[in-house]
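Visitor: just the structure for this:
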Amino acid sequence: MKMGKWRADGQAFLFLLPFLVVYVLFTIFPMIKGVEMSFYKWTLIRKMDYLGSGNYERMFQDQEFWASIWHSTIFVLITTPTMLVLAMVLALIANRNSRLQRFYRSVFFIPSILSVAVASFLGLFVFQPYTGLLNSMLHWLGLLAEGAEIFWLTETHLAWIAISLLTLWWTVGFNFILYLSALQDTPDEVYEAARLDGASDSQLFWRITLPLLSPITRTITMLQIIASFKVFVQIYVMTGGGPLDQTRPVIQLIWQTGFRKNDLGYAAAMSYMLFAILLVLSALQYWMNNRKEAN
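Guide: Numbers count the residues shown, from 1 in each chain. Below you'll find the predicted structure:
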């Protein structure tokens with residue numbers, strides 16, 4: 001019996017071995033190498049001088065780094081609560097019994113199948129001045145005077161709005177599916193019993209639906225925060241981090257430092273600081289979830 005178990009475990013390990021080799025080579029080893037790089041003056045060509053904690057000390061005094069952290073935080077604060085509300089509303093609409101139910105589900109989910117590059121260039125087409133779709137529609141509707149233009153991508157506040165709208169449109173489908181799955185797992189008998197007791201639609205939402213969705217809401221919140229801190233491509237394509245680096249996120253700064261300024265050691269140090277921030281946020285979210293479940 002014991003030999004049979006060992007044989008089964010050995011066979012399972014052989015099947016897992018190709019994945020483990022690839023995972024170690026392309027995930028674990030780069031992470032370890034990145035830690036080493038963060039302690040050196042390291043270029044694209046070779047390792048140079050050992051700096052110890054020099055890169056980290058430099059980072060704590062680097063105003064550009066903390067400004068980029070703040071820009072990423074702004075993006076998180078804009079998109080995370082908006083995403084939660086939007087995804088939940090779309091899920092509630094798509095979960096209702098209607099002849100348009102399949103249509104709603106398809107339309108709400110389709111943007112998420114696009115690559116980030118395609119979605120970003122679509123955003124550039126929509127929000128650019130003079131020839132952009134949005135300004136052209138505003139002219140056609142008479143909401144924008146002839147000859148006037150809204151510079152969505154070159155004014156800081158408008159640029160954040162444009163980037164956030166594009167990101168919400170592109171990514172809401174994934175979170176919408178999570179909410180829809182949670183709604184479909186809720187037994188109809190719960191709502192029927194509440195209606196028999198005289199509960200209104202608003203009471204059903206606030207007293208039953210919202211509490212039942214709280215576990216998936218916490219999960220989506222954490223996933224959205226992590227994803228938003230890693231934003232890069234849509235900002236790079238639409239604004240390039242401008243105007244005057246006012247929309248440059250931390251990932252773009254890391255990329256510019258490593259591959260444009262040829263300073264991979266300092267870029268690695270910034271990467272691990274971002275990793276530490278996300279790790280703390282994840283641990284805090286995990287602690288809060290466990291505390292709520294215990295109560």
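
Visitor: how near is Asn95 to Ser202?
Guide: In this view, Asn95 and Ser202 are 16 Å apart by Cβ to Cβ, to the nearest Å. In this view, the C-beta of every residue, glycine as well, is placed from N, C-alpha and C.

Visitor: isn't Val76 up against Ala227?
Guide: No - with contact defined as Cβ atoms under 8 Å, Val76 does not reach Ala227; the gap is 9.2 Å.

Visitor: could you report the neighbour count for Ser112?
Guide: Using other Cβ atoms under 10 Å, Ser112 is surrounded by 16 other residues.

Visitor: same check on Leu90?
Guide: By other Cβ under 10 Å, the residues close to Leu90 number 22.

Visitor: same thing with Ser202?
Guide: Number of residues near Ser202 (other Cβ under 10 Å) recorded here: 8.

Visitor: repeat for Leu25
Guide: 10.

Visitor: go on, Leu144?
Guide: A count of neighbours around Leu144, defined by other Cβ under 10 Å, yields 16.

Visitor: what score does the nearest residue to it once chain neighbours are set aside have for pLDDT?
Guide: Distances taken as Cβ to Cβ, 6 or more residues apart in numbering put Leu138 closest to Leu144, at 3.8 Å, once the chain neighbours are dropped. Looking at Leu138, its pLDDT stands at 90.

Visitor: kindly report the same for Val172.
Guide: Per the predicted model, pLDDT is 94 at Val172.

Visitor: residue contacts, it?
Guide: Contacts of Val172 were listed using Cβ atoms under 8 Å, 6 or more residues apart in numbering, and they are 83, 86-87, 90, 108, 111-112.

Visitor: now, the residues you listed that are in helices?
Guide: Mapping these onto helices (DSSP state H) picks out 83, 86-87, 90, 108.

Visitor: that'll do, ta.
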